[in-house]
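Novice: Need a 3D model of the following:
(chains A and B)
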Amino acid sequence: METEQNNPLLVSVGCLFLSLSATLIWGGYVIMPRPHLFIVATMAAFFYCLGQMLAAGWWFAIPPLKQEFAWVLFSTVTIQEGIRWAMFALFNWMKGYGEGVKAFLRVGAVNGLLTGFAVGAGYGLMSVLLSYTSIVGDNYWFDQSIYMPNCPEINFFVAGAAFALAYSIMHMALGVLAWSMYDTKNYVGIFFTYAWHLGISMASIGNTNRGGCVYTLGIVYGLVVLLSLCALAFSIRFVKMSKQVDA
Amino acid sequence: MRATVRQLIWLAVFCAWVLVSESGRAKAQTQCSFDEYERLTPLEGLDKIEPFRKRCWTARTDDVGVCVQFQDRDGVYGCAQCGEDVLSSPMLFFSDAAQLIDFATDEQATSVFVVMISIELYTSAQVMNTLANNPGRIVALIIDRDQCVDGGSGSSVLPYPPVDMFSPVQPFPNKQFSTTPDSAYVWNPPGNSISFDYFPFNVFFVNDTLATFLRFQSLRFLGNTFTEQPGFPRQVVESVGQMWSCDEDANTCLNKSTCIPIGQQSVYSSVGKMDPNLEIVSVSAQFDSTAFSREDFGYGASARILAVGSVLAVAESFFQYRIDPEGGASRGLVRLPLFLLFTAEEWGFSGSRFFLNDVANFQCEAPLNISQGIIGCRTPYRPSAAFQNLNADNWLGDIDVSQLGSSNGTFYLHSLNTSVNDIVLRNVKAAFGSTLLQDAVQAGGNFPPESAQSFVQVFGDAFSSLFIGDYDAQFKAPFFDSMFDNITQLTDADYASACDVARGVTKSLIQLTYLDADSVPIVNCSIIPEVVRCLTGNFTDCELARRFVEPEVFALITDSSVPESNFPLLYQPLPVILNTEPHWVAKATFLLSYLGYYNAFNQTGVYCESFADCRDVSLEANNDFQNLQPQDALDVYCSNQQCVVTSAWFHPALGVGLETANDDYTLYKINESAPSSAATFSQSLYDSDIGICSFTQDAYSYQAAILVVGIMLWPVCAIPCLIHWWLERKRYQGAELLPTTAPKEPARSTEPSAPAPPVTRSN
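Specialist: As a prediction, the model looks like this:
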C-alpha cells in the first residue's frame, strides 16, 4: 500500500520563510540600527492596511468588475500609490511642527532614501502578511499540496510565496524611488514609479493563462530585479548629486 | 532634459508592457469535465481553490454508496477493508473489461491502485468475480454508478441501467432457506451472485459528477497510461473506514457486538379483533429489498414495493366494502382477514419465518405489565402479543403478492396444493378470472422463492399457500434486487396492472371472509404509485404517511434522513430502535398506521392530534387494562386525525437461526442446533466516517527541499547586508588612517620633562 511520506507542513513552513526572507533581513538590517525608522515602517504598514481597506471597499462597490483583474489591479495599485503619497504629505506637514519632529523624521538625501526604504519595507511586510500568510495560510496551512488547473507545474503555495517575495522586494525598491521623487517633486519620476508598480502587478495576469504561471514568475522576477537595480543606481546617483549640491 | 527623455522612454516601455500583458491574456482552457464541475458549483475568489485541496466524501451523507460486509454461519460476504483505517494510492480508471482483468491478474506487478470502473464493468460478472478473486493490486474499488444521460452532462438522479438485465443475487435467491435447498432450478436468470462474493477492499458507488471530478483530478498531472506508481505531484485517493468484524466469523462478531443481526419489524394487522375461533385468510407481501450496496440502493420498486402498494390498496378497498351498507355492513365476517407485511425476507425469509414460528410455537414466559397498559411479552421479548390469538390450525390459507412490475397484463398463480377442494385457490381463481390470472405451469412444480415458502415450511405442504406474481417459470424482473430496480422502471401500465391485482385480491378476500361472490370492489388505484414514491423516494415528502401517522410520531421517525433503500437494516428490540434510530422503522410505522386505520373495527370519530387525545378511548376499549389477557389487548392510536381502535402490531423480523444472548435482547448468537434452513445473517458495523478522500501529493523530497530553500534564503539575503557592513567598516577604518589638513597641535614630547629650576625669591 501507499508508503510515501507526506508532510505538507514542510511546504507551509518553507513558504513562510521564503516569502518573509527579503523583507525581514533587509528591512531589519536597515531599520534596526535606526529606531526612528522602525516607527516609520510601522506607520507605513498601517497606511498599507488602510489602502487595502479602501481598495477592498472600492472593489466591493462595483460588483460587475469584481472578476475583472485588470480593473482590480489598477484600482488597488492606484490607491496604494495614493496612500504612500498621502503618507509623504503627512510627514511633510508634520515637519512644520518644529525642530523636534524634523529631527525625528530627519532631512537629507540619505535620510530620505532610508525613510523611503523603511516605508517600502513596511509595505512589503504587510503585503506578505495580508495577501499570503493571513488569507492563504489561515485556510490551507495543513493542506499545502495544491495545484491549480491553470498551473499544474508549480505548487500553488510555492508560487504564491515566490510572488509574495517578489512583490515585497518591489515595494522596498519602489519606496526608495518614490520617496525621493516626492521630495524633489519630480512628477515624471512619480508617474514612472507608478507605472513600474502597475506594470509589475499587471504582469501577474499572465497567471490566468494555462501554464502561464511559469513565465509570469520569470517576468515578474526579471522586472523586480531590473527595478531593484534601477533603484540602487538611482540611490547612488541621488546621493552623489546631493553631495555635490551641498559642496 | 536628457534625464527627462530617458525617464519618458522607460515610461513608454512599461506602459506598452501593461497593454501587452492585458491583451495577451488568453482564456484559460478548461476541460469539459472540469467545466461541468464548475458549472454545478460556481466558485469565486479563493473558493476556486476548494476543489483542489484535500476533500472527503462520506458514505450515506455525500451521495456515496458503500458495500458492507455481512456474514452468517456459513461464511463472510460483501466488502471489507481490514487492518487499516485509511489506505491511499493513485487512482486508475478502467472502462475496458479486458484491460481491467489484465491489470488485476498481473502477478508480476507490485504497484497497487485505487481502481475506478464504469457502471458497465460493474454489471459484468466476469469482471467482478475477477476482482474478488484477485484483490492484490486493488486498494479500493470505486464504481461510477451513473451512465451519462442528457448527452453526457453528468449524473442522473437515480442509477440508470447500462444493460438490459442485471441481478447481483443468486440465480435461486434464498435457495438454502427454501423447501428445495438442493434444487438446481434457476428462478433468476440474470443472477450472478456477486452480492455473496467477498471483496477484501472497500467498494464505493459514486455519482457521475464525483466520478468525473476524481478522474479529472487524477488525469491532470499524467494521462491514464501509467501502470506503475506515477511520479510527483500526483493525485491520491484515500479509502477511509474499515469493517469492525474483519477476520471474525458470525458467532465471534455477534459476541463482540462488531456485527448485528439483519432484521427489523414486520407488520401484521387483522380486520377487527384477532379471534382464535375464526378461520384466518391472510394476504401477505414483503416490503424489503436488497442490492449490492444494499443500504443505499435496495429500492425494489418494481419487484417488491409495487406489490406493497397493491396490498395497501386492497386494505383500503376492503374497508370501503366493509362499511358499505349494501356490502359488508349488512353481512358478518365469517373468517378473519389478516394482512401481513414482512421485512428481512431477502435474508432467508426471516420476517415471515420468525412470525409464523411464533404463531405455531410461541409461549410467553413472562408477559409485560398489561395493567400498566404495556402490551407484549417480556420473556421472550415481543412488542405485541396479539399474534398468540392466531391459530395455526385454523388458518385457511395465504395469498402472497410480489413481483408485479414486469407483467404484460397477465399474472401467474403458484400453488403447491392444486386440489380443486382448496377453498382459497378456488376463490382466487374465480375472483381474478383466467385472463388476468393464469396457473403457473411452466415452473414444473417448483415453488417460487417468495414469502409463501415460509407458510409451507412452518405449516406444511397441505397449507394453502398461494403466490401471485408476474412470472411463471422464471423471474421476469430484469433488475431483480439491484440498484436499477428503482421507480424509473415503473410505467403507468405497471401501476394499472398492480391495481388489477389489488382488485382481484380484494374480491378474493371478500368472497372468503364475507362469502359474497358478487362483490365489485372499488379500488383507489392512486394509492399504489403514491406508496411506491413514499417507500422508494423521499419519505419526508410522503403525504400518505403524514396523513396516517400522528404528527409527533412522524416527527420522531423522520428526525434523521429516512433511507430511500428498503434494506431492513439491523435488528434491535423496538424500544431500543425507537430510542436510538427511530428513522429505521419509519416505513414500518407508516404501514402499521395505514393498515391499522383501514382495518380498525372502530374508527371512533374522536378528533385527535396525538395519542394523548386518545388515552381515554384506549382505556375504554381495553377495559382499563384490567382482567385483560395481553393477546386480547387492542391497539389505539391517532390516525388521520381520529382515534382508531384496531389490531395492528409490530413483530420482530430476524433470522430464526439466531437466539438471544442476554436478558435485554440486544445481543444475539447463533443457535447451533438450528437447521441449515434457519437464517443467521448479520451485518458488520463500520467506521462512521467511511468514504473516500482525494488530495494532491508532492514528493517528500520536494516538500523538504522547499523548507530548506526557505530557510537558506535568509542567509542568502543577508549576504548583501554583510557585504555592505564590511564595506562600511573598511571605509570607516580607512577614514581613521587618512591624514588631515588642519594645523596640528605642537607635538608633545614623550620624554619626561626636567624638573623646573627652583625659583629664588628676590627682594
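
Novice: residues near residue A:60, how many?
Specialist: Residue A:60 has 9 neighbours, counted by other C-beta atoms under 10 Å in any protein chain shown. C-beta coordinates here come from the backbone N, C-alpha and C atoms, glycine included.

Novice: What are the phi and psi values at it?
Specialist: Dihedral pair for residue A:60: phi -70, psi -30, per degrees, to the nearest 10.

Novice: who's in contact with it?
Specialist: Residue A:60 sits next to residue A:66 when contact means C-beta atoms under 8 Å, 6 or more residues apart in numbering or on different chains.

Novice: Report the residue spans of chain A with pLDDT below the cut-off.
Specialist: A:1-5, A:135-140, A:246-247 (pLDDT under 70).

Novice: Just give the number of residues close to residue 104.
Specialist: You didn't say which chain, so I picked chain A. Using other C-beta under 10 Å, residue A:104 has 14 other residues around it.

Novice: that answer is for a different chain, and I need it for chain B
Specialist: 20.

Novice: do residue A:90 as well
Specialist: 12.

Novice: what does residue B:538 give?
Specialist: 11.

Novice: ok, now residue B:552?
Specialist: By the criterion of other C-beta under 10 Å, residue B:552 has 13 neighbours.

Novice: Using the three-state scheme, assign it.
Specialist: Using DSSP: H, G, I helix; E, B strand; the rest coil as the criterion, the local structure at residue B:552 reads helix.

Novice: Contacts only, for the nearest residue to it once chain neighbours are set aside.
Specialist: Once flanking residues are discounted, residue B:552 sits nearest to residue B:610: 4.9 Å by C-beta to C-beta, 6 or more residues apart in numbering or on different chains. With C-beta under 8 Å, 6+ apart as the criterion, the residues that contact residue B:610 are B:550-552, B:638.

Novice: same thing but at 6 Å, please
Specialist: B:550, B:552, B:638 (C-beta atoms under 6 Å, 6 or more residues apart in numbering or on different chains).

Novice: Could you single out the nearest of those residues to residue A:119?
Specialist: residue B:552 (69.1 Å; C-beta to C-beta).

Novice: gap between that closest one and residue B:572?
Specialist: Noted for residue B:552: a distance of 22 Å to residue B:572, by C-beta to C-beta, to the nearest Å.

Novice: again, but for residue B:161
Specialist: On the measure of C-beta to C-beta, residue B:161 and residue B:572 end up 35 Å apart.

Novice: Against residue B:597, how distant is the closest residue to chain A within the stretch 401-550 of chain B?
Specialist: Across the stretch 401-550 of chain B, the shortest distance to chain A (C-beta to the nearest C-beta) belongs to residue B:483, at 28.9 Å. The span separating residue B:483 from residue B:597 equals 33 Å under the rule C-beta to C-beta.

Novice: the more surrounded of the two?
Specialist: More crowded of residue B:483 and residue B:597, by other C-beta under 10 Å: residue B:483, with 27 against 24.

Novice: Pull the contacting residues for that one.
Specialist: Neighbours of residue B:483 in contact, by C-beta under 6 Å, 6+ apart: B:159, B:291, B:297.

Novice: how about the nearest residue to it, chain neighbours excluded?
Specialist: residue B:297 (3.4 Å).

Novice: re earlier: kindly confirm my reading that the residue of the stretch 401-550 of chain B closest to chain A is in a strand.
Specialist: No - secondary structure of residue B:483 (three-state DSSP): coil, not part of a strand.

Novice: Could you report the pLDDT at the residue nearest to residue B:552?
Specialist: Note on residue B:610: pLDDT of 91.

Novice: Count the residues that sit near residue A:191.
Specialist: The burial count for residue A:191: 16, using other C-beta under 10 Å.

Novice: what's the helix or strand for the spatially most central residue of chain A?
Specialist: In chain A, the C-alpha nearest the mean C-alpha coordinate belongs to residue A:171, at 2.9 Å (C-alpha atoms, centre = their mean). Assigning secondary structure by DSSP states H and E places residue A:171 in helix A:156-183.

Novice: State whether residue A:201 and residue A:75 are indeed in contact, as I suppose.
Specialist: No - applying C-beta atoms under 6 Å as the test, residue A:201 and residue A:75 come out as separate, 10.8 Å apart.

Novice: between these two, who's got more neighbours?
Specialist: The neighbour comparison of residue A:201 against residue A:75 (other C-beta under 10 Å) goes to residue A:201, with 22 against 17.

Novice: got a list of what the more buried one touches?
Specialist: Contacts of residue A:201 (C-beta under 6 Å, 6+ apart): A:73, A:77.

Novice: Which of the helices and strands in chain B ranks last by mean pLDDT?
Specialist: Ranking every helix and strand in chain B by mean pLDDT, DSSP states H and E puts helix B:32-40 at the bottom, with a mean of 41.

Novice: Mind checking if stretch B:701-713 is in reach of chain A?
Specialist: Yes - counting by C-beta under 6 Å from any C-beta of the partner chain, chain A is contacted by stretch B:701-713 at B:703-704, B:706-707, B:710-711, B:713.

Novice: TSV for the residues you listed, including distance to residue B:420, neighbour count and secondary structure?
Specialist: TSV is the format used below for those (distance: C-beta to C-beta, whole Å; neighbours: other C-beta atoms under 10 Å in any protein chain shown; DSSP: H, G, I helix; E, B strand; the rest coil):
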residue	distance to residue B:420	neighbour count	secondary structure
B:703	84	24	helix
B:704	88	16	helix
B:706	88	25	helix
B:707	90	20	helix
B:710	93	24	helix
B:711	96	14	helix
B:713	99	19	helix
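
Novice: now, which of these sits nearest residue A:157?
Specialist: Nearest to residue A:157 among the residues of stretch B:701-713 next to chain A: residue B:706, at 8.8 Å, using C-beta to C-beta.

Novice: How about the stretch 251-400 of chain B: which residue is closest to chain A?
Specialist: Taking C-beta to the nearest C-beta, the stretch 251-400 of chain B has residue B:258 as its residue nearest chain A, at 22.9 Å.
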